[in-house]
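>>> Here you go, sequence then predicted model.
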Amino acid sequence: MDIDKYVNTNPTKEEMTKQLRLDAALMECVRTLYFSDDVNAAINEILKIIAGFHNADRAYIFEFDEENSVINNTYEWCRENVEPQIDVLQGVDIAVIDRWMVQFETKGEFYINSLDAEADKDSDEYEILASQGIDSLMAAPLKIDGKIAGFIGVDNPADNTDTLFLMQSAAAFTVNDIQRRVTLEQKMISAISNIYISMHLLNIPENTQMEFQSNLDIREYVNRPEDADVQMHAVMSALTDKEYVKQMLDFTNLRTLNERMKGQKVISQEFLAADGHWCRANFIYVSRDEEENLIQVIYTIRYIDSEKQKELEYQRALKKALENQNEVYTEIMNMQSCGLIAISPEDQKVVMINDVAKKLFASSHMNQSDIDIDRDFVEKIMADERDEMFVNIRKLTEPGESYVCEYMLPDGKDYMYIMSHSKVVVLQNGTKVRISSLTDITEKKKQEQKLIMLSRTDALTGINNRGSGEHEIEDMLAEDICGMFCLLDIDKFKSVNDDYGHIVGDKVLIEIANCLKKCFNNADILMRLGGDEFAVYAIGIDTEEKGEKIIKSFFDEVEKISIPEMDNRGISVSLGAVIRYQGSSKAFDWLYQKADSAMYICKNNKGNYYSFYRPENKEV
């Protein structure tokens, strides 16, 4: 930045005062960033300083999303009585600011002194700015590694309109903080995705993909959002060992995935990669539509060389023990950490079992000759497909035939996940034996469950996010389950953020969620819709009288909320409710609309006020 052009060697008293104000504002920006641990709060405070210096209605930051060719309003400060615009200025076509970009590149700044005089009234630019009440603005580009990545600006500035020095300086030293900004959800996804060599979110209807984790080899084939099926076919064809290519192309066929995952949350397939690594690929369900067709799935690949090596050693050790029938190899079997069972396909009798397998099925005290497969093993398995599973295993009668399945076993008060690989082999004496290895995959399953929970949960409050909550309510309505739908928001929440900061605002949101958890049943559906808006579907509440008891107990809990940083300032909410009776055909959108209209009435009253929508008179 050329600072010299802003320095006047013979300043007047007025110019000296302006320079002192500029210096003071600049130092305040620096102090704010230096002493703040919260990047988002610091940037919002800097916008407030900039808006004050220019006496502007609004200060803001937009960031570019080049992948989708849009700009997003990511930070905003508004003067009192100025309507916030951040929620509506998301996904704006980058072409709207084409003429801004030219000025950013050539002059490093952009001005509009009069919107009516300078902008084409038929343009999207004019329509968007005029709808916000903007007559003039000033903006400076944000640059990362010399490339424009967004801009910082103010609307309707009244003072110091002849200089963007403060704004340009703020852009220079906030850009690093913007780069290191990471949301809680991103941190959680990053932590989990590091377990995998590859993780992508797939949208099945749109045939698109988004990368969470990958490497250079995979990115050579999977490197754009669209045509997910074509890229999947290409990468699996190139990076899979020839012996496993057909198997993996069938497994990763996105056109048949919906049918194969019906009733399933996770499906898995092991394969050998072209570079010699053993891998396990998973499709993990994230969301489905009303007809239970897949919308989003997570596709992961993980190295399992250590696990697979042990399994192959177990299989070799078992086969050798059976072939030689001596105590040495039997002892080797018992030293393995994987459960092993050898069964005769003809009469289902146990030929060999190691101690680990006995322990898994709580049969350590039994002699091999006393074990009954159905009584001691099959009946202990916790799986809806248990009978079908063992029918498929018992169908294995010919050499080379194999079957892989997963199931749960009780483990004290908890349970464990087991992966079973079954295969028929022929011993040297011609006897056929079905060998099953049992591997404890509990930790792997828990990691998969964390991914599923992450996709459904609001990271700040721990309750359902909008997508999962709305989906669960729609399922309840489809099953004609009556209940009370409540829509609520926090009164004057914006002033909480403005007066005390977003960290305190987050504490208020968490406390409201905790009050909901205390007052509603575990079966009820709680969700955060976004911002300070929450919703609840209280199952079985079919009268206003029943609903009022719960709402009043919730209000009692809200009145107990005490945030130390808020100096005893109380929290209150406005709540609209509607009863959904059994036999009604009303859908989620209808419930939301009616509860919203009931909540609107509450805004004319003091806090912690509720109202019910009544169809006969449409008011409380």
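In hand now; what should we look at? Because the structure is a prediction, the values reported are computed rather than measured. Residues are numbered from 1 along each chain as shown.

>>> what residues are up against Cys602?
Contacts for Cys602 (Cβ atoms under 8 Å, 6 or more residues apart in numbering) come out as 574-576, 609-611. Heads up, the C-betas are built off the backbone N, CA and C, glycines and all.

>>> Which residue, other than its chain neighbours, is closest to Tyr126?
Residue nearest to Tyr126 in three dimensions, not counting chain neighbours: Ala119, with 4.3 Å by Cβ to Cβ, 6 or more residues apart in numbering.

>>> Surely that neighbour is in contact with Ile134?
No - counting by Cβ atoms under 8 Å, Ala119 does not reach Ile134; the two are 9.9 Å apart.

>>> which residues are common contacts for the two?
Taking Cβ under 8 Å, 6+ apart as the criterion, Ala119 and Ile134 both touch Ile112.

>>> Considering the contacts of Cys602, which possesses the most neighbours?
Gly576 (26 neighbours; other Cβ atoms under 10 Å).

>>> ok so that one is a strand residue?
Yes - assigned with DSSP: H, G, I helix; E, B strand; the rest coil, Gly576 falls within a strand.

>>> What's opposite it in the beta bridge?
Taking DSSP bridges as the rule, Gly576 bridges to Leu487, Ser611.

>>> Quick one: mean pLDDT over stretch 222-239.
Taken as a whole, stretch 222-239 has a mean pLDDT of 94.

>>> Off-centre distance for that stretch?
In this view, stretch 222-239 has its centroid 23 Å away from the chain centroid, taken as Cα atoms, centre = their mean, to the nearest Å.

>>> For that stretch, C-alpha coordinates in CSV please.
C-alpha atoms of stretch 222-239 as CSV (Å, rounded to 0.1, in the frame of the first residue of the first chain):
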residue,chain,number,x,y,z
VAL,A,222,-11.9,-36.6,-8.6
ASN,A,223,-11.4,-32.8,-8.9
ARG,A,224,-14.8,-31.2,-9.8
PRO,A,225,-18.2,-31.1,-8.2
GLU,A,226,-20.3,-32.3,-11.1
ASP,A,227,-20.3,-35.8,-12.7
ALA,A,228,-19.6,-37.7,-9.5
ASP,A,229,-20.5,-41.1,-11.1
VAL,A,230,-18.0,-40.6,-13.9
GLN,A,231,-15.2,-39.6,-11.6
MET,A,232,-16.0,-42.5,-9.2
HIS,A,233,-15.7,-45.0,-12.1
ALA,A,234,-12.5,-43.4,-13.2
VAL,A,235,-10.7,-43.3,-9.8
MET,A,236,-11.7,-46.9,-8.9
SER,A,237,-10.7,-48.2,-12.3
ALA,A,238,-7.3,-46.6,-12.0
LEU,A,239,-6.4,-47.1,-8.4
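
>>> What is the three-state secondary structure of Glu63?
Three-state assignment for Glu63 (three-state DSSP): strand.

>>> Pull the contacting residues for it.
Shown in contact with Glu63 (Cβ under 8 Å, 6+ apart): 71-72, 74, 142, 149-150, 178.

>>> Quick one, which of those residues are buried?
Among the contacts of Glu63, those classed as buried by 16 or more other Cβ atoms under 10 Å are 71-72, 74, 142, 149-150, 178.

>>> Let me know the closest of the residues you listed to Leu47.
Ranked by distance to Leu47 (Cβ to Cβ), those are led by Thr74 at 10.9 Å.

>>> So that closest one lies in a helix, does it not?
No - using three-state DSSP, the assignment for Thr74 is strand, not a helix.

>>> so it touches Ile61, yeah?
Yes - in this structure Thr74 lies within contact range of Ile61 using Cβ under 8 Å: 5.6 Å.

>>> hang on, the earlier thing: quick one: the contacts of Cys602 as a markdown table, columns for distance to Leu257 too.
Listed next are the contacts of Cys602 as a markdown table, based on distance: Cβ to Cβ, whole Å:
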| residue | distance to Leu257 |
| --- | --- |
| Ser574 | 44 |
| Leu575 | 42 |
| Gly576 | 40 |
| Tyr609 | 49 |
| Tyr610 | 45 |
| Ser611 | 46 |
